[in-house]
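# next one to model:
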Amino acid sequence: MGRLFGTDGVRGIANKELDSELAFDLGRIGAYVLTMETHHKPRIAVGKDTRISGDMLEAALVAGICSMGAEAVVLGVQPTPAVAHLTRHLGLDAGIVISASHNPFEYNGIKFFNNKGYKLSDELEDKIESYLLSDENTIANPTAGDIGRKIEVDNAVHSYIDFLKKTIDVNLRGLKIAVDCANGAAYIAAPSILADLGAEIVVINNKPDGKNINVNCGSTYPSDLQKLVVDIGADVGLAFDGDADRLIAVDNKGNLINGDHILAICAKHMKEKGTLKNDTVVATVMSNMGFDIAMKREKCNVVKTTVGDRYVLEEMINSCYNIGGEQSGHIIFLDYNTTGDGLLTGLQLLAVMKETGKKLSDLASIMTELPQVLINAKIKNENKNKYSEDAEILQAIKEVEDKLKDRGRVLIRPSGTEPLVRVMLEGECKTEIQQDAQKIADLIQNKLG
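The predicted model follows:
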């Protein structure tokens, strides 16, 4: 068996790759590893998004937690960042989220937070996995009164809503906002927060049925939101993904505002207010070269990490930075929360609009994107890293790199959650890089698919 944990927990097709037995084992072993140092009955938060498989996996996960003598504090449907916040706010020992984020509804996932609301380190995930895959399981099950219990928390989302409203110092009166909840975990919190702060809102995709999460909606499919913003004359559109840990915005002209733009806008504003720690923003290697150019012009330092908001967070913590994120819309405001938070990001962006009095289209002009192409090569899951060992593939990559030289770049990386190798090219001519990216992706797929 390959490594269970990807870049964002354990994921797979529900009831096939991620079944109840695995969920039970993850709950059991996760509870043991995460709380082995506590001197009291451990309490572990459990939240989920709106997928139909969430109930099944929640029941198995809770059973595993209780079998280790821990209490499962069941929060119901919650954004992933809400679970991180509530784990800290309620003084719990750990938190677990059942979600596959932006992936289709037939997938699901399980990811862990420690008692401080941070995603687990690779070392802790490896420890859980080693116990899980060990042939000799020596962990003793408690009995009698030492068995754990399930505790259901009603309306936990309102605590998260109250917390978020306090992260900005302005109201949103006068703003007309279109909101796409992706039929996911933000369907209650997002409209409530924006309405409470005085905004006029028009909401779409806020009726989850267990199977419509992320289906042609949300941050991965924002075209309907773009049209809505223009049709109703909104000032801004906000699109969340299934678990609401990422945000893609739409400006008043219907243009997409991705994570690079949001990072640039917020970092610039924070620098002007004197709140940008060490005058530095953390991004990933996937950020557009236009972002680097914009930040250099604004005299903001940029530190790059590998792809994954967990790695952005590690750099922020280690080097004392307070904003970082990804082009995909995972933005971390470490002064407020410990993980990517789409709703928090939306509020921070709206606050910049209110404080500056500028339209989002004007704020977004801070950076100009170089043309960028991303093509996914579908391959066998066990072959995800073998492209770097194949001489023919490496030669094809080198030829394109030599052609682009200082005018662009090539980035090849395996997906952390899907059987894909992502081929990304940037350059001055989109037609040229499209052809080159397709050539590399086809070669990888043909040889490793």
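# what segments of the protein are helices?
For the chain, applying DSSP state H gives helices covering 20-35, 54-67, 80-89, 122-133, 156-165, 189-196, 223-232, 259-273, 289-297, 309-319, 342-356, 360-364, 391-404, 430-448.
# which one, of those, ends up nearest to residue 416?
Smallest distance to residue 416 across the helices of the chain (C-beta to C-beta): 9.7 Å, for helix 309-319. Where C-beta positions appear, they are placed from N, C-alpha and C, glycine not excepted.
# dump the helices of the chain into JSON lines; add mean pLDDT and distance to residue 212 as well.
Shown next, in JSON lines, are those (pLDDT from 0 to 100; distance: least, C-beta to C-beta, whole Å):
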{"stretch": "helix 20-35", "mean pLDDT": "92", "distance to residue 212": "23"}
{"stretch": "helix 54-67", "mean pLDDT": "98", "distance to residue 212": "14"}
{"stretch": "helix 80-89", "mean pLDDT": "96", "distance to residue 212": "19"}
{"stretch": "helix 122-133", "mean pLDDT": "86", "distance to residue 212": "31"}
{"stretch": "helix 156-165", "mean pLDDT": "95", "distance to residue 212": "20"}
{"stretch": "helix 189-196", "mean pLDDT": "97", "distance to residue 212": "16"}
{"stretch": "helix 223-232", "mean pLDDT": "98", "distance to residue 212": "13"}
{"stretch": "helix 259-273", "mean pLDDT": "98", "distance to residue 212": "25"}
{"stretch": "helix 289-297", "mean pLDDT": "92", "distance to residue 212": "33"}
{"stretch": "helix 309-319", "mean pLDDT": "93", "distance to residue 212": "25"}
{"stretch": "helix 342-356", "mean pLDDT": "98", "distance to residue 212": "18"}
{"stretch": "helix 360-364", "mean pLDDT": "98", "distance to residue 212": "28"}
{"stretch": "helix 391-404", "mean pLDDT": "92", "distance to residue 212": "38"}
{"stretch": "helix 430-448", "mean pLDDT": "94", "distance to residue 212": "30"}
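# so of these, which one's packed in deepest?
When you average the neighbours per residue for each of the helices of the chain (mean count of other C-beta atoms under 10 Å), helix 80-89 leads with a mean of 26.
# residue 173 and residue 199 touch, don't they?
Yes: counting by C-beta atoms under 8 Å, residue 199 is a contact partner of residue 173 at 7.2 Å.
# between those two, who's got more neighbours?
Comparing residue 173 with residue 199 by other C-beta atoms under 10 Å, the one with more neighbours is residue 199, at 20 against 10.
# so how far is residue 362 from that one?
The span separating residue 199 from residue 362 equals 19 Å under the rule C-beta to C-beta, to the nearest Å.
# residue 248 too?
19 Å.
# what do you get for residue 249?
Residue 249 sits 14 Å away from residue 362, going by C-beta to C-beta.
# ok, residue 158 next?
Going from residue 158 to residue 362 by C-beta to C-beta gives 35 Å.
# same deal with residue 98?
Residue 98 is 40 Å from residue 362, by C-beta to C-beta.
# do residue 5 as well
For residue 5, the distance to residue 362 - C-beta to C-beta - is 42 Å.
# how's the protein carved up into domains?
Domain assignment of the chain by automatic domain parsing yields the ranges 5-155, 174-364, 372-448.
# out of these, which is closest to residue 162?
Set against residue 162 and scored by C-beta to C-beta, the domains of the chain come closest in domain 174-364, at 9.2 Å.
# and that closest one, how far apart are its ends?
One end of domain 174-364 to the other measures 20 Å (C-alpha to C-alpha, to the nearest Å).
# next: stretch 331-346.
By C-alpha to C-alpha, one end of stretch 331-346 lies 10 Å from the other end.
# okay, and the beta partners of the closest residue in space to residue 53 that isn't next to it in sequence?
Closest residue to residue 53 apart from its sequence neighbours, by C-beta to C-beta, 6 or more residues apart in numbering: residue 14 at 3.4 Å. Under DSSP bridges, the beta-bridge partners of residue 14 are residue 18.
# done for today, thanks.
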